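*Asks:* Below: sequence and its predicted model.
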Amino acid sequence: MKISFAIAGAMAANAHGHRRTSADVNVLMRREDLNRFKDCWIGRGWLDLFEGSKGFKDTLNGVKVDVLIVGD
């Protein structure tokens, strides 16, 4: 499955040498790619934060991912 995305927020800043801490990962994604990801992975190692959310959580490490929709 190919899903286009970009890392944003503190992780992106850290990749460019700026030190920021964060408790989550911010990802830029198209709405259709978010829907495809959730259709495939929710219940298979990932959990929806809540019904209709744009975020999800990794069940192995507890990492929360916030999705920013491109164009919103």
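*Replies:* Thanks, I have it.
*Asks:* Going by neighbour count, list what's buried in the host helix or strand of residue 68.
*Replies:* Using DSSP states H and E, residue 68 maps to strand 64-69. Across strand 64-69, burial judged by 16 or more other CB atoms under 10 Å covers 65, 66, 67. Every C-beta, even on glycine, is put in place using the N, C-alpha and C of the backbone.
*Asks:* list the contacts for the second one?
*Replies:* Taking CB atoms under 8 Å, 6 or more residues apart in numbering as the contact definition, residue 66 lies against 9, 24, 25, 26, 27, 54, 55.
*Asks:* The strand holding residue 68 pairs with which strands?
*Replies:* In the sheet, strand 64-69 lines up against strand 24-29 (parallel), strand 55-58 (antiparallel) (DSSP bridges).
*Asks:* picking up where we left off before, of the contacts of residue 66, buried ones?
*Replies:* Taking 16+ other CB under 10 Å as the criterion, what is buried in the contacts of residue 66 is 9, 25, 26, 27, 54, 55.
*Asks:* Let me know the closest of those residues to residue 43.
*Replies:* Comparing the buried ones among the contacts of residue 66 against residue 43 with CB to CB places residue 55 closest, at 15.5 Å.
*Asks:* so how far is residue 68 from that closest one?
*Replies:* Distance of residue 55 to residue 68, computed by CB to CB, to the nearest Å: 10 Å.
*Asks:* and what of residue 53?
*Replies:* 13 Å.
*Asks:* now swap in residue 32 and tell me
*Replies:* Separation of residue 32 from residue 68 (CB to CB) stands at 15 Å.
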